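A.B. asks: Pasting a predicted model and its sequence here:
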Amino acid sequence: MLSPPGRRAALRAGAAAAVGLATACGSGRPATAPPTSSSAPPPGPGKPSAPARPAAAPRRFAGQPVEIGHGPRDRPRVALTFHGNGDPAIARSVLAEAERGGARITVLAIGTWLDDHPDMARRVLDGGHELGNHTQRHLAINDMPQDEAYAEITGCAQRLKRLTGSIGTWFRPSQTQNASPLVQKLAQRAGYPHVLSYDVDSLDFTSPGAAAVLRNVTGTIHGGSVVSLHFGYADTVDAMPPLLEELARRKLRAVTTTELLTP
Ligand SMILES: [Zn+2]
């Protein structure tokens with residue numbers, strides 16, 4: 001369980017990171033997966049070991065709208081939510097900083113990221129964090145035809161299900177803060193009673209420097225806030241310790257999104 005990454009693992013991670021970059025920047029995989037050819041092995045990891053913490057299923061929160069942008073304002077809790085993509089070493093650093101600071105976070109994973117780094121699903125859950133669906137390829141989902149948008153949601157859901165036993169507790173649309181009415185409907189059809197938006201944007205993906213990331217969050221965060229952050233950016237790692245210190249100073253607890261919404 002605790003074996004440090006060896007040379008082979010490091011090499012493998014490097015190769016996987018290169019693949020991840022290629023799929024993130026290029027046109028990605030075909031929209032429709034080709035039928036499994038007789039020579040190709042079945043897609044996905046063959047034998048994922050069960051996570052130590054079983055993944056929870058999505059649930060409906062009474063009194064909440066379909067699209068949730070924040071939790072109750074009268075309680076000193078916030079949810080730090082992360083776009084799950086990019087260099088797994090950065091993802092691991094963010095998770096480690098969260099855990100050092102006593103925070104639980106919500107990770108919305110992109111399907112292709114799970115394909116490249118299937119071990120990250122377990123890493124997130126084993127840390128006591130929450131794992132959700134951020135579409136298969138992170139395209140502009142509100143602009144896609146219905147069938148393609150639905151495939152983006154279910155493609156990631158299938159990978160989460162295979163890796164963790166659950167389609168993930170949350171769905172967040174890609175390349176937009178708000179889901180269109182159609183995407184909301186498709187998410188519900190895929191098994192997510194709610195879609196997860198946010199009310200605080202860290203803008204960490206613009207690499208503005210850790211101090212700016214910190215300012216962007218602490219300038220607007222208050223009880224009930226859902227903060228948008230991203231794996232894959234060094235600024236985010238550097239901003240985590242001072243952010244968690246500031247939240248502690250304000251007596252705001254960083255909890256999972258489910259905890260944020262659970263009375
Ligand atoms: Zn995203």
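C.D. replies: Perfect, I can see it now.

A.B. asks: Averaged pLDDT, whatever helix or strand Ser93 lives in. What do you get?
C.D. replies: Using DSSP states H and E, Ser93 sits within helix 88-100. Averaged over helix 88-100, pLDDT sits at 98.

A.B. asks: and if you look at stretch 200-210?
C.D. replies: For stretch 200-210, mean pLDDT is 98.

A.B. asks: for that stretch, which positions count as buried?
C.D. replies: For stretch 200-210, burial by neighbour count (16 or more other C-beta atoms under 10 Å) applies to Val200, Ser202, Leu203, Asp204, Phe205, Pro208, Ala210. Backbone N, C-alpha and C define where each C-beta goes, glycine included.

A.B. asks: re earlier: send the alpha carbons of the helix holding Ser93 over as PDB?
C.D. replies: Taking Å, rounded to 0.1, in the frame of the first residue of the first chain, the C-alpha atoms of helix 88-100 are listed here in PDB:
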ATOM      1  CA  PRO A  88      -0.900  13.500 -11.500                       C
ATOM      2  CA  ALA A  89       2.100  14.700  -9.500                       C
ATOM      3  CA  ILE A  90       0.400  18.100  -9.100                       C
ATOM      4  CA  ALA A  91      -2.900  16.400  -8.300                       C
ATOM      5  CA  ARG A  92      -1.200  14.400  -5.500                       C
ATOM      6  CA  SER A  93       0.400  17.600  -4.200                       C
ATOM      7  CA  VAL A  94      -3.000  19.400  -4.000                       C
ATOM      8  CA  LEU A  95      -4.500  16.300  -2.200                       C
ATOM      9  CA  ALA A  96      -1.500  16.200   0.200                       C
ATOM     10  CA  GLU A  97      -1.900  19.900   1.000                       C
ATOM     11  CA  ALA A  98      -5.600  19.500   1.600                       C
ATOM     12  CA  GLU A  99      -5.000  16.600   3.900                       C
ATOM     13  CA  ARG A 100      -2.300  18.500   5.800                       C
END
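
A.B. asks: quick one: the strands in the protein?
C.D. replies: 67-68, 77-84, 106-109, 130-133, 195-196, 200-201, 226-230, 253-254 (DSSP state E).

A.B. asks: Turn these into CSV, including distance to Glu99.
C.D. replies: Formatted as CSV, those follow (distance: least, C-beta to C-beta, whole Å):
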stretch, distance to Glu99
strand 67-68, 25
strand 77-84, 12
strand 106-109, 13
strand 130-133, 14
strand 195-196, 22
strand 200-201, 21
strand 226-230, 15
strand 253-254, 11
